[in-house]
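> Coordinates only, no sequence provided:
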């Protein structure tokens, strides 16, 4: 029973959540429009969670993704005010993400600081840098090029339904593409399999010829870029940049990966499982908002769901350990 | 004087009979050595004494009255104390506090500690052991391993309510100690003995045992072989009691080593404590490495793999070897590490992942893993090492020790290897799997693979190897043919320097 719950508990829970919202919101919840909306709402979180999965596969994690997302958005916006073109500003912001990630990687992998401590320190540093660059203000309005903001507002036309056009938002497309890319890297490439090997047993991997130090460092690079992409997506969506706008991403991304880990057989982080974890959080948010549940109550409920899923998973592992 | 006896003790783990009629008698006022080869049952007997294992059969009596040992608490209640190789200490606390970890601190009430009384209590206990050079206010972590051990012993002498200890079990106490530290320990043991305490001393170090002990008990294959007084024992007698069996039929026949250029050449290798190591291995040859723990035998294999820094020349098929594990694997060295769970397996990953990991370059195209190649390779190797697993996707944690070891052998075979480096290849493996592993090793040498094998199982070294090198304190002191060697002679060679 416990093992059954452990393997299928999260999936059944997700189905239950969807059914409950469907029943309570018969008109609006189970519509193509709402689901497309959900995919857009969760697209930034998806990118961060997928990027977070990369470091968590190695057995590390990264607390600085949220502030890196803010910083990347600010960097791009500041460059816009200086007259940079959209591609140039975006490229620089992505480089900032890469550099920030590599700094985390060097601290954790080369110098040997615990991931929690190292990325907690860089979290405040990147956040501080975002405030310094922006002067603590939101950058918006005419400073942001029209085309940058339009990206998030438009999408891939999928035809029409009941005389209304159905559009797959570009943000969703981007999140899907990045998820696919990370899936290919982690699951199919030798690089990804080596990352999993390090997470499975770092010493064994080292003795088997895996360059553990270097690969851990590169994993952080991935995560830094992922965080920067998410920050740019957010900035595009609200057509502005604010030094605190990435704040909620880090905790939610870690929560999503943990939720995903309850889905996999041996509790490993997997890309697609993380995306399911993101969807759980996104659907909860969407449904509860439509039901006009107070946002503080929402937070309590989301925390409870995470605890429930992880508890069942932990109990299941104990039961297996006793066998 | 109190005395404790164990008689006819039997303990089985699954198929393995760890103890099969073990016996021991321990009296107050004696130092009693317990000896036996690896796997003879010493640790199991100690675990039973400590209440960590319950025997399947046998009687235990204290002062003639039967007792049962069902938990560490009961063992402590009977006055037994255990000092393991890994001491339980809190490095950041003071000596005095470490000595009171198991006792209530003297207190004013409300949890306010009387620090003066705590120090005095610690000091008194140290003095009972004849120790004056350790300051109770020192930080435990600043003490050397010898003083830490003395502190741990003294901690059992702290004045407290409850049954007083009378018997101490020390497992390889001098393994990490310098000569001077060991002398202090011996002096403390003599003090304890003079006070009527009993000491059960477990050690591989023959010279210590001969010097210290009043009596020596030898176990072999879980059975009691002999208990003799100090005047009746000598080194040869103990070695004969510890070994004395014919293993010839266990081992597959050797395949004659081939002449020609050696597969592996090592010259002037230095790494850690290793100095001036030089040897070579020919095709079809099994070279064994024997030595006491701490002689550097495991380090040597890690140095060859490039897992630890090394100096000197290592040539595989005449080509200088690089300094990383990746280069070692790709040059054809294949490594089966000593600690299979910690150093070899990814326990929660499909076993095929562990097998494929060092061979990724050969199992991929343009950076992408070829799963079908891996599946085919693992299927072939699993058959050749006689791996018993449900599927390639089964996780290593679910396999028995023997089958886990076979996964690592499969990994080592995948290359295919030029030279196989084996560290304790049959450690913690049941007899059936041992046969399979021996057959695998000899099957490989028949195909011209060279093997370097470290083992503390001496019959295994003699039975399987063509030549055996002896490592002593980081130096390769002897290299001799295995044929005609007896366990006694080999053990004597390992001990040679210490006894001389």
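Happy to help now that I have it. These numbers were taken from a predicted model, which means no experiment stands behind them.

> quick one: residue A:52 and residue A:260 touch, right?
No - using Cβ atoms under 8 Å, residue A:52 is not in contact with residue A:260; the gap is 10.1 Å. For glycine as for every other residue, the C-beta is placed from the backbone atoms N, C-alpha and C.

> Pull up the overlap in contacts between those two.
residue A:274 (Cβ atoms under 8 Å, 6 or more residues apart in numbering or on different chains).

> wait, doesn't residue B:150 sit right on residue B:186?
No - using Cβ under 8 Å, residue B:150 is not in contact with residue B:186; the gap is 11.0 Å.

> So which of the two has more stuff around it?
Shown here are residue B:150 and residue B:186; by other Cβ atoms under 10 Å in any protein chain shown, residue B:150 has more neighbours (24 against 16).

> Could you pull up the contacting residues of that one?
B:126, B:129, B:131, B:134, B:184-185, B:188.

> what comes up buried for the lowest-mean-pLDDT helix or strand in chain B?
Sorting the helices and strands of chain B by mean pLDDT, DSSP states H and E puts helix B:487-499 at the bottom, at a mean of 74. Residues B:487-488, B:490-491, B:493-495 are the ones in helix B:487-499 that count as buried (16 or more other Cβ atoms under 10 Å in any protein chain shown).

> how many neighbours does the residue of the stretch 201-323 of chain A found nearest chain B have?
Closest to chain B within the stretch 201-323 of chain A is residue A:209: 3.5 Å, counting by Cβ to the nearest Cβ. Number of residues near residue A:209 (other Cβ under 10 Å) recorded here: 23.

> mind checking pLDDT for it?
Model confidence at residue A:209, given as pLDDT, is 92.

> Chain neighbours aside, what residue packs nearest to it?
residue B:326 (3.5 Å; Cβ to Cβ, 6 or more residues apart in numbering or on different chains).

> contacts for the helix or strand encompassing that neighbour?
Here residue B:326, judged by DSSP states H and E, is contained in helix B:325-330. For helix B:325-330, contacts defined as Cβ under 8 Å, 6+ apart pick out A:206-211, B:304-307, B:321-322, B:335, B:358-359, B:361, B:415.

> Likewise for stretch B:65-85?
B:2, B:4, B:46, B:48-52, B:54, B:59-62, B:149, B:152-153, B:156, B:162-173, B:175-176.

> Restricted to strands, list those.
Among the contacts of stretch B:65-85, the members falling in strands (DSSP state E) are B:4, B:59-62, B:167-171.

> Show me what counts as buried in stretch A:255-266.
Going by 16+ other Cβ under 10 Å, stretch A:255-266 has these buried residues: A:255-264.

> and if you look at stretch B:477-489?
B:482, B:485, B:487-488.

> end-to-end on it?
Length of stretch B:477-489, first residue to last, Cα to Cα, to the nearest Å: 15 Å.

> Can you list the neighbours in contact with it?
Residues contacting stretch B:477-489 (Cβ under 8 Å, 6+ apart): B:236, B:239-240, B:242-244, B:279, B:288, B:458-459, B:461-462, B:465-471, B:493, B:496-497.

> Among those, the buried ones, what's the ChimeraX command?
Filtering these down to the buried ones (16+ other Cβ under 10 Å) takes a single ChimeraX command:
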select /B:239,240,242,243,279,288,458,459,461,462,465,466,467,468,469,470,471,493
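
> show me the contacts for the residue of chain B found nearest chain A.
When distances are taken as Cβ to the nearest Cβ, chain B reaches nearest to chain A at residue B:346, 3.1 Å away. By Cβ under 8 Å, 6+ apart, the residues touching residue B:346 are A:196-197, A:200-201, A:204-205, B:353-354, B:357, B:396.

> With residue B:185 instead?
B:146, B:149-150, B:173-174, B:177.

> pretty sure residue B:228 is in a strand, no?
Yes - with DSSP: H, G, I helix; E, B strand; the rest coil as the criterion, residue B:228 is part of a strand.

> which one is it nearest to, not counting chain neighbours?
residue B:216 (5.7 Å).

> Give the rounded mean pLDDT of the helix or strand encompassing that neighbour.
Per DSSP H and E, residue B:216 falls inside strand B:215-220. On average, the pLDDT along strand B:215-220 is 92.

> what lines up beside it in the sheet?
If you go by DSSP bridges, strand B:215-220 pairs up with strand B:31-35 (parallel), strand B:223-229 (antiparallel).

> In chain A, what residue lies closest to chain B?
residue A:200 (3.1 Å).

> now the helix or strand where residue B:375 lies: how far from the chain's centre is it?
Using DSSP H and E, residue B:375 maps to helix B:371-384. Offset of helix B:371-384 from its chain centre (Cα atoms, centre = their mean, to the nearest Å): 33 Å.

> could you say what helices and strands that helix packs with?
helix B:351-356, helix B:401-413 (3 or more Cβ pairs under 8 Å, 6 or more residues apart in numbering or on different chains; DSSP states H and E).

> now for the last one, which elements pack on it?
In terms of contacts (3+ Cβ pairs under 8 Å, 6+ apart), helix B:401-413 is packed against strand B:333-336, helix B:351-356, helix B:371-384, helix B:431-446.

> now what about the helix or strand just after that helix, what contacts it?
The helix or strand immediately downstream of helix B:401-413 is strand B:419-423, counting by DSSP H and E. The contact list for strand B:419-423 (Cβ under 8 Å, 6+ apart) reads B:263-264, B:281, B:298, B:301, B:304-305, B:316, B:332-338, B:412, B:441, B:444, B:449-455.

> Quickly run through the sheet partners of strand B:419-423, with directions.
When DSSP bridges is applied, strand B:419-423 pairs with strand B:333-336 (parallel), strand B:450-454 (parallel).

> any idea how far the longest one is from the chain center?
The one in question is strand B:450-454. 19 Å.

> can you give me the mean pLDDT across it?
95.

> Give me the distance from the helix or strand following it to the chain's centre.
Next helix or strand after strand B:450-454 toward the C-terminus (DSSP H and E): helix B:458-464. Centroid displacement of helix B:458-464 relative to its chain, using Cα atoms, centre = their mean, is 17 Å.

> Specify the residue ranges that define each domain of chain B.
Per automatic domain parsing, the structural domains of chain B span B:3-242, B:248-499.

> Go through those domains and pick out the most buried.
domain B:248-499 (a mean of 19; mean count of other Cβ atoms under 10 Å in any protein chain shown).

> so where do the helices sit in the stretch 51-200 of chain A?
Counting by DSSP state H, counting those that start in this stretch, the stretch 51-200 of chain A has helices at residues A:65-81, A:86-105, A:115-134, A:146-153, A:170-183, A:190-200.

> among these, which is the most enclosed?
Taking mean count of other Cβ under 10 Å, helix A:65-81 is the most buried of the helices of the stretch 51-200 of chain A, at a mean of 27.

> Now tell me which of the helices of the stretch 51-200 of chain A the model trusts least on average.
helix A:146-153 - the lowest mean pLDDT of the helices of the stretch 51-200 of chain A, at a mean of 90.

> Tell me which other helices or strands it touches.
Against helix A:146-153 (3+ Cβ pairs under 8 Å, 6+ apart) you get helix A:170-183, helix A:212-238.

> Residue B:216 versus residue B:230, what's the distance?
The gap separating residue B:230 from residue B:216 is 8 Å, by Cβ to Cβ, to the nearest Å.

> One more: residue B:110?
Residue B:110 is 52 Å from residue B:216, by Cβ to Cβ.
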